[in-house]
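Colleague: the amino acid sequence is not available; the structure is as follows:
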């Protein structure tokens with residue numbers, strides 16, 4: 001397989017906290033051979049490519065897209081939604097981000113953030129969502145409070161409001177604005193139920209990465 005995937009493979013390995021030796025061992029490669037793969041000087045075999053897909057929990061199709069996740073942009077997407085709505089439950093916010101990424105892919109065949117989303121009980125969620133939310137809370141950009149019914153409510157802080165959202169374009173912000181407007185005032189359970197009826201969720205196994213490509217088969221009126 002082409003060495004164009006080198007940067008993606010390295011990013012996925014680092015994101016999951018794996019060493020080069022550990023991944024190389026899974027592939028049956030020495031550390032130097034695996035290092036050469038990440039550096040783009042060694043070609044991946046089809047078998048190695050498939051093993052990496054299983055190891056990282058990403059579909060073969062998504063691996064082929066070779067799209068790197070943009071964590072800073074994803075954080076800016078979070079802040080964009082929080083500026084559109086004063087506070088949002090943690091689960092509902094995860095769904096709004098899913099609609100933004102998959103809705104953008106529907107029209108442009110590329111997601112906003114490059115994040116991979118996994119099928120869990122409450123609908124598709126980006127693998128790094130919970131970690132990034134915690135990082136933003138620790139950094140003082142957002143607050144997380146628990147409501148009387150146990151829901152986790154997220155709001156932007158004054159520090160978060162000062163952050164420039166330059167990584168998101170006007171067109172991307174317009175899509176997020178439309179998504180937020182549609183779901184404003186609705187209960188979290190409603191948006192979760194909506195995502196459960198979409199193709200990416202229906203055709204994925206529990207805890208499996210959901211497919212961007214399947215989303216293009218949705219009815220235009222049911223994207224979000």
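Modeller: Here it is on my side, so go on. The model shown is predicted, which means the values in this text are computed figures rather than measured ones.
Colleague: list the contacts for residue 36?
Modeller: residue 42 (Cβ atoms under 8 Å, 6 or more residues apart in numbering). Bear in mind the C-beta positions are built from the backbone N, C-alpha and C, glycine included.
Colleague: one more: residue 74?
Modeller: Each residue near residue 74 by Cβ under 8 Å, 6+ apart is listed here: 97, 112, 113, 115, 126, 128, 132.
Colleague: for PyMOL, what selects the buried ones among those?
Modeller: Here is the PyMOL command that selects the buried residues among the contacts of residue 74 (16 or more other Cβ atoms under 10 Å):
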select buried, resi 97+112+113+115+126+128+132
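Colleague: would you format the contacts of residue 74 as JSON lines with secondary structure, pLDDT and distance to residue 32 included?
Modeller: What follows is these, written out as JSON lines (DSSP: H, G, I helix; E, B strand; the rest coil; pLDDT from 0 to 100; distance: Cβ to Cβ, whole Å):
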{"residue": "97", "secondary structure": "helix", "pLDDT": "98", "distance to residue 32": "39"}
{"residue": "112", "secondary structure": "coil", "pLDDT": "96", "distance to residue 32": "37"}
{"residue": "113", "secondary structure": "coil", "pLDDT": "95", "distance to residue 32": "33"}
{"residue": "115", "secondary structure": "coil", "pLDDT": "91", "distance to residue 32": "31"}
{"residue": "126", "secondary structure": "strand", "pLDDT": "93", "distance to residue 32": "33"}
{"residue": "128", "secondary structure": "coil", "pLDDT": "88", "distance to residue 32": "29"}
{"residue": "132", "secondary structure": "helix", "pLDDT": "94", "distance to residue 32": "33"}
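Colleague: what is the nearest of the contacts of residue 74 to residue 206?
Modeller: For the contacts of residue 74, the minimum distance to residue 206 (Cβ to Cβ) is 16.6 Å, reached by residue 126.
Colleague: and that closest one, how far from residue 50?
Modeller: Counting by Cβ to Cβ, to the nearest Å, the gap from residue 126 to residue 50 is 23 Å.
Colleague: three-state assignment of residue 217?
Modeller: coil (DSSP: H, G, I helix; E, B strand; the rest coil).
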